[in-house]
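Enquirer: sequence and computational prediction follow.
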Amino acid sequence: MSRTARIERVTNETKVLVEIDLDGTGKADLQTGVGFYDHMLNQLAKHGGFDLTVRCEGDLEIDAHHTMEDTAIALGTAFDRALGDKAGIRRYGSATIPMDEVLVRAAVDLSGRPYVVHDEPALAPYIGPVYPTSMTRHIFESFGHAARVTLHVSVLRAAREGGHPDAHHVVETQFKAFSRALREAVEIDPRNAGALPSTKGVL
């Protein structure tokens, strides 16, 4: 069964197209106008094992907020739709990922109940010219609510002792951990024999 979805989201602020294949090979075609955001979405494709196309035309003359938020909403909606009835999936996924001095843990439950917990230290306000680091939490929140998932992302170590966090490393490690957790959660569990992994009988 194909686990794919295509979502188009159009507002007065943005025009977004997202296509996703949960059983892909990590191919990515990304154009949001925010270079570092494209780099993070590429982590999602590569480490999640998803084929991902994202196109966004947003009001970047104002700032990057609407572009990043609406892309995350469309991505979460596409992810939820691609999951279908969730029969046979593992449901839960977690990953603890290092990147040089940074260590991040992510855990996800494809529960149908949107809830996001995000812990990170204070970072430099921008990565590159237009990625506000304050948006990382909002991206996860927007995705989590649209995808109807429970998501926890925690930065366990952000810098060498006495040093200052490298914002690029801290945010990128979060996306890698998030992607790996999703990859595990969406996998088909052969022990489930196609059953829904819930005592309630619904996710």
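Expert: On my side now, so go ahead.

Enquirer: so how far is stretch 166-182 from its chain's centroid?
Expert: Centroid displacement of stretch 166-182 relative to its chain, using CA atoms, centre = their mean, to the nearest Å, is 9 Å.

Enquirer: typo on my end, stretch 89-96
Expert: For stretch 89-96, the distance to the chain centre is 14 Å (CA atoms, centre = their mean).

Enquirer: in that stretch, which residues are buried?
Expert: 89-91, 93, 95 (16 or more other CB atoms under 10 Å). (Each C-beta comes from the backbone N, C-alpha and C, glycine too.)

Enquirer: with stretch 51-63 instead?
Expert: 51-56, 58, 60.

Enquirer: quick one: average pLDDT of it?
Expert: Averaging pLDDT along stretch 51-63 yields 97.

Enquirer: assess the claim that Tyr126 and Ser134 are in contact.
Expert: No - between Tyr126 and Ser134 there is no contact under CB atoms under 8 Å: 9.4 Å.

Enquirer: of the two, which one has the most company?
Expert: Per other CB atoms under 10 Å, whichever of Tyr126 and Ser134 has more neighbours is Tyr126, with 14 against 11.

Enquirer: mind listing what the residue nearest to that one when sequence neighbours are not counted touches?
Expert: Once flanking residues are discounted, Tyr126 sits nearest to Pro132: 6.0 Å by CB to CB, 6 or more residues apart in numbering. With contact taken as CB atoms under 8 Å, 6 or more residues apart in numbering, Pro132 is in contact with 63-65, 125-126.

Enquirer: right, and Val149 touches Leu110 too?
Expert: Yes - counting by CB under 8 Å, Val149 touches Leu110, with 5.4 Å between them.

Enquirer: neighbour-wise, which of those two wins?
Expert: Val149 (28 against 25).

Enquirer: how far away is the more buried one from His39?
Expert: 23 Å (CB to CB, to the nearest Å).

Enquirer: and for Ser111?
Expert: Separation of Ser111 from His39 (CB to CB): 29 Å.

Enquirer: run a quick neighbour tally on Asp85.
Expert: 10.

Enquirer: and stretch 189-203, which residues are buried?
Expert: Buried-residue list, stretch 189-203, by 16+ other CB under 10 Å: 196-197, 203.

Enquirer: now the helices for this structure?
Expert: When assigned using DSSP state H, the helices of the chain occupy the ranges 35-48, 65-83, 135-147, 167-186.

Enquirer: just list what the third one packs against, helices and strands only.
Expert: Meaning helix 135-147. Counting contacts by 3 or more CB pairs under 8 Å, 6 or more residues apart in numbering; DSSP states H and E, helix 135-147 packs against helix 65-83, strand 115-119, strand 150-157, helix 167-186.

Enquirer: got it, and the longest one?
Expert: Contact partners of helix 167-186 among helices and strands, from 3+ CB pairs under 8 Å, 6+ apart: helix 35-48, strand 92-99, strand 102-109, strand 126-127, helix 135-147, strand 150-157.

Enquirer: right, I'll call it a day here.
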